[in-house]
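> Predicted coordinates and the sequence they were generated for:
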Amino acid sequence: MKEIKVLHVLPTHKIGGVELAALSSLNYLDDFFDFKLAYIFNYETQNSLFGRIKGVLNAIKSIFIKTPDILITSLWLSVLVGLPLKLIFKEKITWVHFVHNTKFFHFLDHFFNKIGSVKCDYVFADSQSTKDFLVKYSSKPSFVISYLLSNGGFSKTAKSISLEEVSFIYIGRIAKQKNLELAFRVISGLKKEGYSVSFDIFGPIEMNMDELQMKINELDIHNNVSFKGIVAPNEINDLMKNYNFYLQTSAVEGMAMSVVQAMQNGLVCLVTPCGEIANYSQDMISAIHLHQGTENGINDFIAKIKLAIGDPVLYDKLSQSAFQSFSDKLSYQESMRNTIESILNQKK
């Protein structure tokens, strides 16, 4: 099927779960299809209105010339490219809109993702939770795409637990929906209990950092929390070897790829069970769940973390269970290939 042209359009080439998965699958999928990635605009100019308009028009023009057989769009901005091309080419292009979350974050996100899900030919969802969420918006045929970057080659490499310093890591967008202030309260609570803790945060900044710095100062954890910038995708697995826990207190998620990757490396994940996280992790079996952001909820969460810190046998049990959670699952690239082939077979 190498002659079949498949083009996956994303807004920017920045480091996030969506972009990382798409990039990681490029060479593999290109062995089976004429598979390409396209970005609407540069990360540095995405906040410029003129840059966005120019990027959208240039993308439409470029894709118009290439005329792919299958056009995949991810995130709301890419609908601005997918919709006009579908209206122009009609049945000549099969449009697949890919949705990556179980909640819309603002009006434009809601409006264009809804249009994309209704006007496209097929919908991809990054998890069963996302697919269930989309049922009320779209009746188009939908497929769940696995969001495992790999289903092999991992080793259980989490740093051995020690009371001398307990290390936490977060990798992802620094954005409001990631609810980092809640994570800071957890770090503060552990510090007050007498633990030596460090929390390293990696990822692009997509919010006002003054708000986070104020919270850090208020909780007196400025010596415990560090913002480390963006980490290259091929360095993530090695980076995780240096930490005990993966801490993510998002308000909303789809698949939450960084959590998956942390579990595949054997880190004990401290997470809010939102989106698909609730389906692939179990509290005090393969992860530790924060069920409420209330004072009582945080205290219960900290109590469970303390159990894992103080009991190496329990920590290792949680780590081993996390490590084994995805050993028999399809990878993203395999899932994409199978689903694209299924769509092509349906259209014969």
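It's in.
> what about N345, neighbour count?
Residues near N345, counting by other CB atoms under 10 Å, number 8. C-beta: built from backbone N, CA, C; applies to glycine.
> Distance check, it against H8.
To H8, N345 is 20 Å away according to CB to CB, to the nearest Å.
> And F64, by the same measure?
In this view, F64 and H8 are 17 Å apart by CB to CB.
> I'd guessed M284 sits against K304; true?
Yes: in terms of CB atoms under 8 Å, M284 counts as a neighbour of K304; the distance is 6.4 Å.
> Between these two, which has more neighbouring residues?
The residue with more neighbours, out of M284 and K304, is K304; 17 against 14, by other CB under 10 Å.
> nearest spatial neighbour of that one, skipping sequence neighbours?
Nearest residue to K304 in three dimensions, chain neighbours excluded: I288, at 5.0 Å (CB to CB, 6 or more residues apart in numbering).
> same thing with L239?
Here the residue nearest L239, using CB to CB, 6+ apart, is V231, at 6.0 Å.
> neighbours of the one you found, just the number please.
16.
> before we move on, what SS does it have?
Applying DSSP: H, G, I helix; E, B strand; the rest coil to V231 yields a three-state assignment of coil.
> packing partners for the helix or strand in which the residue nearest to K304 is found?
For I288, the host element (DSSP states H and E) is strand 288-289. Judged by 3 or more CB pairs under 8 Å, 6 or more residues apart in numbering; DSSP states H and E, strand 288-289 is in contact with strand 268-271, helix 295-310.
> With respect to burial, which of the ones you listed scores highest?
Mean neighbour count (mean count of other CB atoms under 10 Å) peaks for strand 268-271 among the helices and strands packed on strand 288-289, with a mean of 26.
> elements contacting the helix or strand that that one is followed by?
Per DSSP H and E, strand 268-271 leads on to helix 277-280 as the next helix or strand towards the C-terminus. If you count contacts as 3+ CB pairs under 8 Å, 6+ apart, helix 277-280 packs onto helix 128-134, helix 257-264.
> at 10 Å instead, please
Packing contacts for helix 277-280, counted by 3 or more CB pairs under 10 Å, 6 or more residues apart in numbering; DSSP states H and E, involve helix 128-134, helix 257-264, strand 268-271.
> what about the strands in the stretch 151-300 of the chain?
Using DSSP state E, counting those that start in this stretch, the strands of the stretch 151-300 of the chain run over 166-171, 197-202, 225-229, 245-248, 268-271, 288-289.
> Find me the pLDDT at L57, would you?
L57 is assigned 88 on the pLDDT scale.
> got the contact list for it?
Contacts for L57 were tallied using CB atoms under 10 Å, 6 or more residues apart in numbering; they are I40, L80, V81, P84.
> Just the element for it, please.
helix 49-66.
> how about that helix: buried residues?
R52, G55, V56, A59, I60, I63 (16 or more other CB atoms under 10 Å).
> The residues you listed into JSON lines, with extra columns for distance to S258?
Shown next, in JSON lines, are the buried residues of helix 49-66 (distance: CB to CB, whole Å):
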{"residue": "R52", "distance to S258": "27"}
{"residue": "G55", "distance to S258": "27"}
{"residue": "V56", "distance to S258": "29"}
{"residue": "A59", "distance to S258": "28"}
{"residue": "I60", "distance to S258": "32"}
{"residue": "I63", "distance to S258": "30"}
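> From those, pick the one nearest E91.
Taking CB to CB as the measure, I63 is the one of the buried residues of helix 49-66 closest to E91, at 16.3 Å.
> How is this protein divided into domains?
Using automatic domain parsing, the domain parsing of the chain gives 5-149+330-346, 166-324.
> Could you tell me the least trusted of those domains?
The minimum mean pLDDT among the domains of the chain belongs to domain 5-149+330-346 (a mean of 90).
> Quick one: end-to-end length of that domain, please.
17 Å (CA to CA, to the nearest Å).
> hang on, the earlier thing: so the residue nearest to L239 makes contact with Y170?
No: with contact defined as CB atoms under 10 Å, V231 does not count as touching Y170 (11.0 Å).
> what do these two both touch?
D200, F202, G203.
> TSV for those residues, including neighbour count?
Converted to TSV, the shared contacts of V231 and Y170 look like this (neighbours: other CB atoms under 10 Å):
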residue	neighbour count
D200	19
F202	20
G203	21
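> hmm, back to that, tabulate the helices and strands packed on strand 288-289 (a markdown table), appending distance to M214.
As requested, the helices and strands packed on strand 288-289 are exported to a markdown table (distance: least, CB to CB, whole Å):
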| stretch | distance to M214 |
| --- | --- |
| strand 268-271 | 23 |
| helix 295-310 | 19 |
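> Please report how far L267 lies from S286.
For L267, the distance to S286 - CB to CB - is 11 Å.
> who touches both of those two?
L318, S319, A322, F323.
> just to revisit the earlier point, among L267 and S286, which residue is more densely surrounded?
More neighbours surround L267 than the other of L267 and S286, with 29 against 20 (other CB under 10 Å).
> looking at it, that one is touching S281, isn't it?
No: using CB under 10 Å as the test, L267 is too far from S281 to be in contact (11.7 Å).
> Which neighbours do those two have in common?
Here L267 and S281 have V259, A287, A322 as joint contacts, going by CB under 10 Å, 6+ apart.
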